[in-house]
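# Need a 3D model of the following:
(2 chains)
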Amino acid sequence: MATAESTGTEADEQRQHQQQQPQTSSYPLPAILTYPASAPPHLVAQGAEGRVYKTTYLVPDLQCAFKYRPPKPYRHPILDQRLTRQRILAEARVLVKCRQEGVPVPAVYGLDENVGWLAMEWIEGEPVRAKLNQWLSSRAGEDVESNQKLIDLMVKVGDVVGLLHKHGIVHGDLTTSNLMLRPSSKMGASEVKSDTDTLLDGDIAVIDFGLASQATQVEDRAVDLYVLERAFASTHPRAESLFDQWLLSGYKSSFKQAPVVLKRLEEVRMRGRKRSMLG
Amino acid sequence: MPTPPDILSRPRLSLGLEGSANKLGIGVIQHTPNQPPEILSNIRDTFVSPPGTGFLPKDTAAHHRRIFVLVALKALRAANITTSQIDCISYTRGPGMGAPLTSVAIGARTLSLLWNKPLVGVNHCVGHIEMGRCITGASNPIVLYVSGGNTQVIAYSSNRYRIFGETLDIAVGNCLDRFARTLNISNDPAPGYNIEQLAKAAFHSNPADISHKSPKTREPLLLDLPYAVKGMDCSFSGILASADILASQLYVAAKKQKQKNTDEDANPKFTPADLCFSLQETVFAMLVEITERAMAHVGTSQVLIVGGVGCNERLQEMMGTMASSRGGSVYATDERFCIDNGIMIAHAGLLAYETGFETPLEDATVTQRFRTDEVFVKWRDD
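Numbers count the residues shown, from 1 in each chain, chains lettered A, B, ... in the order given. Below is the predicted model of the structure:
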């Protein structure tokens, strides 16, 4: 059993997790996480949709992201059950499809749509949102708009979004929190922890397909981009101006039908209610 | 007329004029150094249209013009102040219905010239947010602004109230109001209020009685309505259309029953109360969901609900459940501040005026389209 053979550092880690237990234990865990065979679950994120635990799956050294959609007590139980089931299944189908097509997403390990959980590959690294904010604050007051690192990042993000759309997937909730920046395989271990200059290095992986759908409509793709654009505008206003120029150029490079989508994006932007009609 | 630099060291008064929809609200607020703002008066008069109809711009504007002087006098008397004490006249510049906005702006300009007071044009949505923050003490919440004309999820960041999510078509209040029209429910005091009462009646053995006197023994029926959330945005027009279709089944059944040719099986198994219940459950679940998503994104646990639909107790309850499961709490106000009022315009106007903002008479116009994020929030420095 994993716990019996754990080394000193692992035991330390577990103790740390246990210290955080008051927070996690106030939520009932799904039965599968209470079995002694899995590593103690560690709540890593409480998103809007559910909670993501870091644990292991089947074997003690297979790290996994375990997404649990607990019942939402505010919602009518029938409506809740309907939505949870639909969403778990849709998410798993989309992830499998992405994996087959070579889009960088976590692999699916297992699921139970009635209880509402989905076990996925653990992605190393940090969300783009955290990295980007860290990087921006290290360059406070600087003009970042022509910075090559930032431009590269925007192009990379656009490229991955283009890849998603190319394979008929619409993410539905593209924010910089749902884009992971994982240490690229080329990077040495020593490089990873150096100064702020390398903060934006790495490969993009897309996570949280909770609102994703398999759709090829221009409209859905344009809305996807619009959501991402607004996420940039609201959380990284300083990087907003690079969206049009660089992120979209990355998008165009990986997705042939990009021009049609970008044309629709213009319309979607105009559609927000009460938008000023000047100009 | 530049703002005197010593204005912040003495008490100052603002008269607020609001009339962007069917309520004319006039109020007076006082800001005193080192003290919470004090509401001296808050008078409102609502234009109520007959059941089955909505309020038309021309009729609403006529209502506002007719009672403007009356309400203004009432507000000044209740505040017990003289006109010379007023520092600025705040009025709603937008967004809203053109004709009612114009009527109130004319009133504002007239008072400004009459009393020689500066004007401050206020964004209606910012008025709601600032009043909500002021009343509840929520310092930096996620704001859900839900009314008959607006549905937005808003968070503050670097001097703007930024819109995270909003409706892609009609506002949630509009959806509820129009459904009230479909069911021919009274618009007095508000169609949304009557929908709420009917939805509560779905728990009682007599679901047609909105006084809720029969025993609470019934289990409401949740009808299948579309659930339309796109990212942090949502859409209500398809839900309204579906609810209307279900309501028309009731109507047809009632008609057949009158003609005495009823086939028992053809009768729908649900009541208007079930429809109201289902509509509320569905649209509020959507609103709570997009609010929760914005909270997760921003990393805050405070929610503030403002706007007319914010009075709905079921929405407040659902939002409270969600917020507490995230370790936070919900801030809501009662109908005096949720529903459009003059005091919120007075308050937001005065906040802007204290930073030196004024609207020159020749620019004191109105606009139907005025986004929340267009306003530079100079009075906040967090």
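# Next, count neighbours for residue 162.
No chain specified, so I'll use chain A. The number of residues packed around A:G162, counting by other CB atoms under 10 Å in any protein chain shown, is 25. (Each C-beta comes from the backbone N, C-alpha and C, glycine too.)
# my bad, the chain I had in mind was chain B
The burial count assigned to B:R162 is 20, neighbours taken as other CB under 10 Å.
# Quick check: B:A72 is in a helix.
Yes - counting by DSSP: H, G, I helix; E, B strand; the rest coil, B:A72 falls inside a helix.
# can you pull the contacts of it?
With contact set as CB atoms under 8 Å, 6 or more residues apart in numbering or on different chains, B:A72 has these partners: B:17, B:26, B:107, B:111.
# Mind telling me the two of those farthest from one another?
Using CB to CB, the pair of the contacts of B:A72 lying farthest apart is B:I26 and B:L111, separated by 10.2 Å.
# residue contacts, the residue most central in space within chain B?
The residue at the geometric middle of chain B, judged as the C-alpha nearest the mean C-alpha position with CA atoms, centre = their mean, is B:G307 (2.5 Å). Contacts of B:G307 were listed using CB under 8 Å, 6+ apart, and they are B:128, B:144-147, B:150, B:173, B:338.
# Go again with 10 Å.
Taking CB atoms under 10 Å, 6 or more residues apart in numbering or on different chains as the criterion, B:G307 is in contact with B:124-125, B:128-129, B:132, B:143-152, B:171-173, B:338-340.
# among these, which are in reach of chain A?
Restricting the contacts of B:G307 to those adjacent to chain A (criterion: CB under 10 Å from any CB of the partner chain) gives B:125, B:149-152, B:171.
# on that earlier part again, make JSON lines out of the contacts of B:A72 and add distance to chain A, secondary structure and pLDDT.
Below are the contacts of B:A72 laid out as JSON lines (distance: CB to the nearest CB, whole Å; DSSP: H, G, I helix; E, B strand; the rest coil; pLDDT from 0 to 100):
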{"residue": "B:L17", "distance to chain A": "20", "secondary structure": "strand", "pLDDT": "98"}
{"residue": "B:I26", "distance to chain A": "24", "secondary structure": "strand", "pLDDT": "98"}
{"residue": "B:G107", "distance to chain A": "23", "secondary structure": "helix", "pLDDT": "97"}
{"residue": "B:L111", "distance to chain A": "27", "secondary structure": "helix", "pLDDT": "97"}
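# I'd like those residues as TSV, with distance to B:F203 and neighbour count appended.
Compiled in TSV, the contacts of B:A72 are given as follows (distance: CB to CB, whole Å; neighbours: other CB atoms under 10 Å in any protein chain shown):
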residue	distance to B:F203	neighbour count
B:L17	41	28
B:I26	39	33
B:G107	45	22
B:L111	48	20
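# wait, does stretch B:221-228 make contact with chain A?
Yes - with CB under 10 Å from any CB as the measure, stretch B:221-228 is seen reaching chain A through B:221-222, B:224-225, B:227.
# and that stretch, how far apart are its ends?
20 Å (CA to CA, to the nearest Å).
# ditto for stretch B:50-59
With CA to CA as the measure, the first residue of stretch B:50-59 is 12 Å from its last.
# what distance separates that stretch from the middle of the whole chain?
Stretch B:50-59 sits 18 Å away from the centroid of its parent chain (CA atoms, centre = their mean, to the nearest Å).
# Show me which residues of that stretch are buried.
Across stretch B:50-59, burial judged by 16 or more other CB atoms under 10 Å in any protein chain shown covers B:54-55, B:57, B:59.
# what's in contact with the strand or helix carrying A:G250?
Here A:G250, judged by DSSP states H and E, is contained in helix A:248-254. With CB under 10 Å, 6+ apart as the test, helix A:248-254 has contacts from A:103, A:151-166, A:204, A:221, A:225, A:228-229, A:242, A:258-259, A:261-262, A:265.
# Now it: buried residues?
By neighbour count, with 16+ other CB under 10 Å as the criterion, the buried positions of helix A:248-254 are A:248-252, A:254.
# same for the helix or strand that that helix is followed by, what does it pack against?
With elements assigned by DSSP H and E, the helix or strand that comes after helix A:248-254 is helix A:258-271. In this structure, helix A:258-271 makes packing contacts with helix A:148-166, helix A:218-235, helix A:248-254, judged by 3 or more CB pairs under 10 Å, 6 or more residues apart in numbering or on different chains; DSSP states H and E.
# Quick one: these as JSON lines, columns for mean pLDDT too.
JSON lines is the format used below for these (pLDDT from 0 to 100):
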{"stretch": "helix A:148-166", "mean pLDDT": "94"}
{"stretch": "helix A:218-235", "mean pLDDT": "89"}
{"stretch": "helix A:248-254", "mean pLDDT": "94"}
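# Look through the stretch 151-279 of chain A and state the residue closest to chain B.
Across the stretch 151-279 of chain A, the shortest distance to chain B (CB to the nearest CB) belongs to A:V227, at 4.1 Å.
# who are the neighbours in contact with that residue?
A:171-175, A:211, A:268, B:164-165, B:230-233.
# re earlier: most neighbours among the residues of stretch B:221-228 next to chain A, which one is it?
That'd be B:L225 among the residues of stretch B:221-228 next to chain A, by other CB under 10 Å, with 20 neighbours.
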